[in-house]
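Chemist: After the sequence you'll find the predicted model.
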Amino acid sequence: MQNASASASSQIPPLRRYRLRPVDLVLGPVILVVFLMLLVPGWIAPGSPTEFDPMASLIPPGGDYLLGTDEFGRDVYTRIVHGARPTLIVAFAGAVVGVILGTLTGMLAGYAGGRVDETLMRFMDALMSFPTLILATLIVVMLGSNPVNVVAALAVVFWPRSARIVRAVAMDVARRAFIEAAWVRGESHLFILFRELLPSVMNVAVIDLSLRITYATMLSASLSYLGVGVHPPTPAWGLMVKEGQQFIQFASWLVVVPCTTIAIVAVTCVLLGERLRELLAPAHRGEQ
Amino acid sequence: MIQQRLPTGTPIPLPDATLCVDGLSISYGAAKVVRDVTLRIAPGEAYGLIGESGSGKSTIAFSVMGYLNGGTASAGRITIAGHDILTLPDRKLRRLRGPVVSMVFQDPMNALNPSIRVGEQIAEGIRYHTGAGKAEAEARAIELIDQVKLPEPEDIVRRYPHQLSGGQQQRIVIAMALALEPALLILDEPTTGLDVTTEATILDLITEIKQRSNVALLFISHNLGVVARMCDRVGVLYAGDLIEEGPTAEVLQRPSHPYTRGLISAVPSIAGELEMVGIPGSLPDLTEVPKGCIFRARCSIAIAACGEAPVPMETVRPGHASRCLRWRDCLAELNPPQAAAVRAPLDGEKRLEIDSVIRSFPGARRLPFLKPRPAVQALRGVSLDIRAGETLAVVGESGSGKSTLGRLVAGLDRPAGGTIRFEGRDVTALSRERTVDDQRAVQFIFQNPHSALNPHHTVEEIVGRPLRLYLGLQGTELRRRIVEILRAVRLGERYMTRAPHELSGGEKQRVCIARAFAAEPRLVVCDEPTSALDISVQAAILQELQTLQRESAHRTAYMFITHDLGVVRQIADRVAVMYLGEIVELGATRDIFSRPQHPYTEALLAAVPELRPTRASRMRLQGVVPRPTNPPSGCSFHTRCPRLKGDICSQKAPPTRSKASGHAMRCHHDINTLKALQSAELENRTEPARP
């Protein structure tokens, strides 16, 4: 009886299962602002993020400059808004590529099992044994410092992590009878992987993606901070932290503002991931 | 078989009843899952609650324990031995669980903690409630284990749950429940997960406990045979309403409610005289309970008055009440069940020939330098054949290798030795390695329809896939054919766009059957296709399968794997009985179900709890099924055989003895000796067949 009612609730499509939570009231506006920053930064910050103004350097927040100015007199608010693109697009692209690679690898390993699984996953373990930042730095330094290579570095870092998660789910799904049914029907492996298995691991992959974007934001910021990745005068948030830190004693906003922005976006992504998980993958009880 | 403890018609005086449930209503959110249920259980009485899944029987059992699991009791009272359960705070309820009321759950593996020795688990409750010391509690645990008839209790207390078999675990759970001598013992499907021979011994134990003590039993089961064997009185629940109540023998033999009647005719019987009939329709939506009779929508004798006002419980005769306005017409107006059709013997061409097939699963390596665990010998030389249009049932308990055999035939697995020939062609290979025609011709129906359908595909995609794959159908032709197949399994066109989660269990299995038949198969392997379904749905699905077979242009043969001998009796032409990876008996259904049989078959049949008790044998198997890693020497059944001939049984493999009808069994006794042994036992019995 109890099981019946629990499984009934998990059978409602995600959108109809949606219930407004207090956290959504905070999440919604933040996501909206981030999207505006990405799509139309010029609308909300019409000035130039790179234009110097020697007369207005290091003005504290408030007054004419909402978030103050840096040592070259550039408006920090404008730089933050325009910095969303170089920071987040790189992070997003890195996370997407990484999760796609991870999903394919994890699905294959979970479905094939045996030696294929062993080989793939040990390779993934090898990748995972590098500390993330060092691995990413290494890749960018080796390939050359440009946004495409930063995306590649992020992808390589996230690949094994996504693969592990997707593999766990794929192994579980691959044991279910509908996969055996397809197998005994004589379907091709590609059909089984992409038509039978993929839809069942998609939920997990999407949720994983939202979390990977969080890490990617922070990692790309760290790369910028280390000086690999995007170059000045691009207003990437990590780069702003790096440039601002030399003035930290008397112009702390140069560090605090971009750091806070990174933190807000990261936390938003995590919460978004949590909400997605609640909506997409409620515990499938009574459906084993 | 059913013996009345209480004289019929004596209402139990209120203060004397152990359990009083009065006007109990429970809802989960908007769903009113239990409505105005009133029942009494006297000390020493066994009360059975029966009904399909979703009828609210477990909800009532849990609420009696004081556990509502997020539900609310909107009305009513539950009193156990004077304690008002629903008003007590948690702290006080905890004191009652054990000494006053306790519960045995369906799955002993979930009820026991896997990392604590069973002795400590039993002792824990004793120490908590009585404040007994460690040694004292352990002594009591040993005593209890002895009471539930486990051998060497001093050894058992030190074991972990995984070191015990399912039946032994359930005995431990029963020992735990009895530890504090509760006034009321709730048994929630206590034998559902167990094999039939184990079930029989557990039921014997519960009967004995009941006779020995004055405990009141609330017995929850969907198995009418079990209830018929165990209970003095029975209550029938439908969608949260108690619709009939009375002495077991009377309710089951003269049901006075169309639903009870339907349930009873849906039960497949090993006696096999009657055709089973399903109940059409499904449970109503309990968020909007209809005003009148809850069963009206599925009832064939409903009249206008049934929908107008709530139907009261009417007394059929003292102690027997029914919530039906037309209970008087119930026996007369419903179609009497028809005698099962006798199927003509089949002599078509051989469709499937299995010859001395072997399959073992190598044991896992523990560490590189240690020996690997011994291999599990799942099949040890199995030979059989199936003719066109025939249904061959493969029966056996868990671990007999019956499912492995089915998987080999379907090509889900590859045998280690022997050959499998389909229509004369060697198909001893994985299905992927077979020709497309062989892939199409051999289809498989899975046990659990819930996992056999991809939750992300619609019914149209699922049923259409074999048509695309094997027949290359597309567009309107594909659609037309899908509709045709769905109609054949009694699902209409409107099901096309549904996803599996929008279907009931029975509907899902129909989709699975539709998918199998879309390929126009010539052999279908059915692996326990109804064991995950309710009894009323099972009857309909089995009929569906029989109809499809009759109407199939290819004279489709079935290999029907099951543990349910009642189902076998209803649908099989021939039966193969498996024990520890071997076929011990193979023959026509009527031969298998009439004496003499192999001792194992005899024990299997004797263990089936029957609704209409007719079988005479009371043979019980002792001990547990030997490990398939190391099957016994000689005859593999000799460790449990009640008809041992002597040392020869453990030394030499038994010869195959056959009768003219193609009935064959492997036993050291010859057929006439077995016949004499079985008849002698029947004649010697003086007392009636109450185990």
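Modeler: Yep, it's here. From a predicted model like this one, the values you see are computed outputs, not experimental measurements.

Chemist: Against B:Asp591, how distant is the spatially closest residue to A:Ala181 that is not a sequence neighbour?
Modeler: The shortest distance from A:Ala181 to any residue that is not its chain neighbour, by C-beta to C-beta, 6 or more residues apart in numbering or on different chains, is 5.7 Å, and that residue is B:Ala452. C-beta here means a position set from N, CA and C on the backbone, and glycine is covered the same way. Applying C-beta to C-beta, to the nearest Å, the value for B:Ala452 to B:Asp591 is 33 Å.

Chemist: who are the neighbours in contact with the residue nearest to A:Ala181?
Modeler: A:Arg176, A:Ala177, A:Phe178, A:Ala181, B:Ile445, B:Phe446, B:Lys508, B:Cys512 (C-beta atoms under 8 Å, 6 or more residues apart in numbering or on different chains).

Chemist: These: which two are farthest apart?
Modeler: Farthest apart among the contacts of B:Ala452 by C-beta to C-beta are A:Arg176 and B:Ile445. That separation is 15.1 Å.

Chemist: contacts for the host helix or strand of A:His82?
Modeler: Using DSSP states H and E, A:His82 sits within helix A:76-84. Outside of helix A:76-84, the residues within contact range by C-beta under 8 Å, 6+ apart are A:34, A:37-38, A:41, A:44-45, A:47-49, A:61, A:65-70, A:234-237, A:240, A:253-254, A:257-258, A:261.

Chemist: For the stretch 101-250 of chain B, give the residue positioned nearest to chain A.
Modeler: Here the residue of the stretch 101-250 of chain B nearest chain A is B:Gly240; by C-beta to the nearest C-beta that distance is 9.2 Å.

Chemist: Tally up the residues packed near that residue, please.
Modeler: Applying other C-beta atoms under 10 Å in any protein chain shown, we find 30 residues neighbouring B:Gly240.

Chemist: isn't there a strand covering B:Leu237?
Modeler: Yes - using DSSP: H, G, I helix; E, B strand; the rest coil, the assignment for B:Leu237 is a strand.

Chemist: check contacts around it.
Modeler: Residues near B:Leu237 by C-beta under 8 Å, 6+ apart: B:Val37, B:Leu49, B:Ile50, B:Gly51, B:Ser55, B:Gly56, B:Lys57, B:Ile60, B:Ile243.

Chemist: Ok, B:Val173 next?
Modeler: Counting by C-beta under 8 Å, 6+ apart, the residues that B:Val173 touches are B:Val104, B:Phe105, B:Pro108, B:Ala111, B:Leu112.

Chemist: For it, what is the enclosing helix or strand?
Modeler: With elements delineated by DSSP H and E, B:Val173 resides in helix B:166-178, which encompasses its position.

Chemist: can you check A:Phe35 too?
Modeler: helix A:22-39.

Chemist: what comes up buried for that helix?
Modeler: Counting neighbours by 16 or more other C-beta atoms under 10 Å in any protein chain shown, one finds that the buried residues in helix A:22-39 are A:Leu27, A:Val30, A:Ile31, A:Val33, A:Val34, A:Met37.

Chemist: quick one on the thing from earlier: now the contacts of B:Val173: which count as buried?
Modeler: For the contacts of B:Val173, a burial check counting by 16+ other C-beta under 10 Å picks out B:Val104, B:Phe105, B:Pro108, B:Ala111, B:Leu112.

Chemist: can you map out the helices along the stretch 351-500 of chain B?
Modeler: B:402-410, B:436-441, B:449-452, B:459-466, B:475-488 (DSSP state H, counting those that start in this stretch).

Chemist: Apologies, that question was intended for chain A.
Modeler: For chain A, the helices defined by DSSP state H cover A:2-10, A:14-17, A:22-39, A:41-44, A:76-84, A:90-112, A:114-128, A:132-143, A:147-174, A:177-185, A:189-191, A:198-226, A:237-244, A:253-280.

Chemist: Can you give me every residue that contacts A:Ile31?
Modeler: Residues near A:Ile31 by C-beta under 8 Å, 6+ apart: A:Thr268, A:Leu272.
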